[in-house]
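S.K.: need a structure here:
(chains A and B)
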Amino acid sequence: EPEVTQTPSHQVTQMGQEVILRCVPISNHLYFYWYRQILGQKVEFLVSFYNNEISEKSEIFDDQFSVERPDGSNFTLKIRSTKLEDSAMYFCASKLERNEQFFGPGTRLTVL
Amino acid sequence: DQQVKQNSPSLSVQEGRISILNCDYTNSMFDYFLWYKKYPAEGPTFLISISSIKDKNEDGRFTVFLNKSAKHLSLHIVPSQPGDSAVYFCAASELDSGNTPLVFGKGTRLSVIA
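M.R.: Model prediction:
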């Protein structure tokens, strides 16, 4: 069964450093998303991506964040200058059309 | 602003009995609702969904009920099994737009006791 994959599973970085979180969505899916879950809190939407551009983003997704689909299979989330409060689980999700989103296993980002 | 609320942070149920997880929403534009199950250190796994044109959807042991007038939905698991122990998230979206993000509740931790 096809699945969304994410790498790395755990990323530790120093405050102020850049990180890139990688995702491989399900191959025939058309819509791509990033969510995050800070420890003990709910899963929050960051950004959605369709037809090679951002279609919607939340207040969390400020200028420090960017997304890219560089090669037709990978979908990346970049945080330019990480802050302590960026520590969270980051989930990638994809879907085909007007139906359910499928989530990856997540990347745990720890900012020291 | 909690648009999707799961007011019970935890629930314990005996194996073989029914588990009922509840969810309320405030945004009347929501018309598609989903339940996800999450184990520790894994991503949310889709369980079952329902659109606002229905009031019930069933898939094996899982049934979701939607009461639009009350802005309430529930997930029933019958019979409950120890492997069902996980955190269950209710999520909602506006179906009309294909890329509409999901809005999640805070989750309910279900423990099924053997």
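
S.K.: A:Glu97 touches A:Leu30, doesn't it?
M.R.: Yes. Here A:Glu97 lies in contact with A:Leu30, judged by CB atoms under 8 Å, at a distance of 6.8 Å. Yep, even glycine has a C-beta here, placed from its N, CA and C like the rest.

S.K.: out of these two, which sits in the more crowded spot?
M.R.: Legend: neighbour count by other CB atoms under 10 Å in any protein chain shown for A:Glu97 and A:Leu30, higher for A:Leu30 (15 against 8).

S.K.: so who does that one touch?
M.R.: A:50-51, A:95-97, B:98 (CB atoms under 8 Å, 6 or more residues apart in numbering or on different chains).

S.K.: which positions in chain A make contact with chain B?
M.R.: Contacts of chain A with chain B, taken as CB under 8 Å from any CB of the partner chain, map to A:4, A:6, A:30-31, A:33, A:35, A:41-45, A:48, A:50, A:55-56, A:58, A:91, A:93, A:97-106.

S.K.: buried among those? Make that a PyMOL selection.
M.R.: Buried subset of those, written as a PyMOL selection, criterion 16 or more other CB atoms under 10 Å in any protein chain shown:
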select buried, chain A and resi 4+6+31+33+35+42+43+44+45+48+55+56+58+91+93+100+101+102+103+104+105+106
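
S.K.: so which of the residues of chain A next to chain B are in strands?
M.R.: A:6, A:31, A:33, A:35, A:43-45, A:48, A:50, A:55-56, A:91, A:93, A:102-103 (DSSP state E).

S.K.: which one of these is nearest B:Ser12?
M.R.: Ranked by distance to B:Ser12 (CB to CB), those are led by A:Val43 at 23.1 Å.

S.K.: low-confidence ranges in chain A?
M.R.: Scanning chain A for pLDDT under 70 picks out A:98.

S.K.: let's check: the centremost residue of it is which one?
M.R.: A:Trp34 (3.4 Å; CA atoms, centre = their mean).

S.K.: and it, what is it in contact with?
M.R.: Contact analysis of A:Trp34 by CB under 8 Å, 6+ apart lists A:21, A:23, A:46-47, A:67, A:77, A:90-93.
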